[in-house]
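Colleague: quick one: sequence and predicted model below, then my questions.
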Amino acid sequence: MEIHIVEDADAGATVVADVFTRTVQEAGDPGAVLGLATGSSPIPAYAELIRRHREEGLSFAGSRAFLLDEYVGLTAGHEQSYHRFIRENFIEQVDIDDAAVVSPDGAAIDPIAEAASYDRRIAEAGGVDLQILGIGSNGHIAFNEPGSSLNSRTRVVGLSRSTIQDNSRYFDSAADVPVRALSQGLGTILEARRIVLTATSAGKAAAIAQLVEGAISSRWPATVLQLHPDVVVVVDEAAGAQLQLAEDYRYARRLEIENPLDVTQG
Ligand code: PGA
């Protein structure tokens, strides 16, 4: 894992946007397959990508995208649906074709069949080149709550009490938060070729410490990312506050900046 401990959300957004920019620019025809996340964590990165699109000509033309998850029972047009969230916060402000942005259908008559077909649709697109992730205070990624199989696939899941509590801020009350979601599985997420996870605030500090330095366990589902070969973790000081080796990670990043790898030298 490549751990970046940065001053604030804006500095984190720059690091995450750099990973996106590299992925989009490296993708040949027909463009990158992006794995997009909702929630508050990726918003500064999306804002930075929108700025680069408007001011620096960064183009997402030809890119396709898959969302991580969707609430069961919410239609695409519901104001709290993730289908709508990603359009408002990213898609409508860059040049990705709306029809190329796919998410599980929360209003599907048969959500189990909908989940079962989702991984196939990702595979048919050639797999995800870059997946952006947030993390729950309980260590979940997407809606893979503690206890999730480390090899799980896209499926219908129940939300944990802490997730319902965390997400109730978007609804009138906790009772209005859907109790189920369609969520990519941990095994699905691990198939992305590159992953960038971003978190801010002290509420995420325990989950980040487990993700980076804890034992791999379904108690903290994000720990499964330790098995992935290309993960970048971007946290602010508060979210990184419980990392035992924080100074080592800072040292590693400084060394990289001071000694860039020159691949042109024989
Ligand atoms: P947040 O949610 O980005 O809104 O903090 C992250 C998550 O629960 O996965």
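Modeller: Perfect, thanks for sending it.
Colleague: number of residues surrounding the residue lying closest to Leu130 once chain neighbours are set aside?
Modeller: Counting by CB to CB, 6 or more residues apart in numbering, Leu130 lies nearest to Thr23, which is 4.2 Å off, once chain neighbours are set aside. Placement of C-beta: from N, CA and C, glycine included. The number of residues packed near Thr23 is 18, by other CB atoms under 10 Å.
Colleague: phi and psi next, for Thr23.
Modeller: phi -60, psi -50 (degrees, to the nearest 10).
Colleague: just use 296 as the starting number from now, easier for me
Modeller: Understood, numbering begins at 296; the last thing we discussed is Thr318.
Colleague: just checking, it touches Gly326?
Modeller: No. The criterion here is CB atoms under 8 Å, and Thr318 misses it with Gly326 at 10.3 Å.
Colleague: dig out what Leu492 forms beta bridges with.
Modeller: Leu428, Val528 (DSSP bridges).
Colleague: that one: what's it in contact with?
Modeller: Ile427, Leu428, Gly429, Ile430, Ile436, Leu506, Ala517, Leu520, Val526, Val527, Val528, Val529 (CB atoms under 8 Å, 6 or more residues apart in numbering).
Colleague: among these, which one lies nearest to the ligand?
Modeller: Gly429 (3.3 Å; CB to the nearest ligand atom).
Colleague: of the contacts of Leu492, grab the buried ones for ChimeraX.
Modeller: Listed next is the ChimeraX selection for buried residues among these, using 16 or more other CB atoms under 10 Å:
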select :427,428,429,430,436,506,517,520,526,527,528,529
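Colleague: can I get the contacts of Leu492 in TSV with pLDDT and distance to Met296?
Modeller: Listed next are these as TSV, based on pLDDT from 0 to 100; distance: CB to CB, whole Å:
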residue	pLDDT	distance to Met296
Ile427	98	15
Leu428	98	12
Gly429	98	16
Ile430	98	13
Ile436	98	14
Leu506	98	8
Ala517	98	11
Leu520	98	7
Val526	98	5
Val527	98	7
Val528	98	6
Val529	98	11
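Colleague: can you give me the strands in the stretch 446-561 of the chain?
Modeller: Counting by DSSP state E, counting those that start in this stretch, the stretch 446-561 of the chain has strands at residues 450-453, 475-478, 489-494, 526-531.
Colleague: typo on my end, it should be the stretch 296-445 of the chain
Modeller: With DSSP E, counting those that start in this stretch as the criterion, the stretch 296-445 of the chain has strands at 297-301, 328-331, 359-362, 364-366, 396-397, 425-428.
Colleague: are the second one and the ligand in contact anywhere?
Modeller: By that I understand strand 328-331. No. On the criterion CB under 6 Å from any ligand atom, strand 328-331 is out of touch with the ligand, staying 12.5 Å away.
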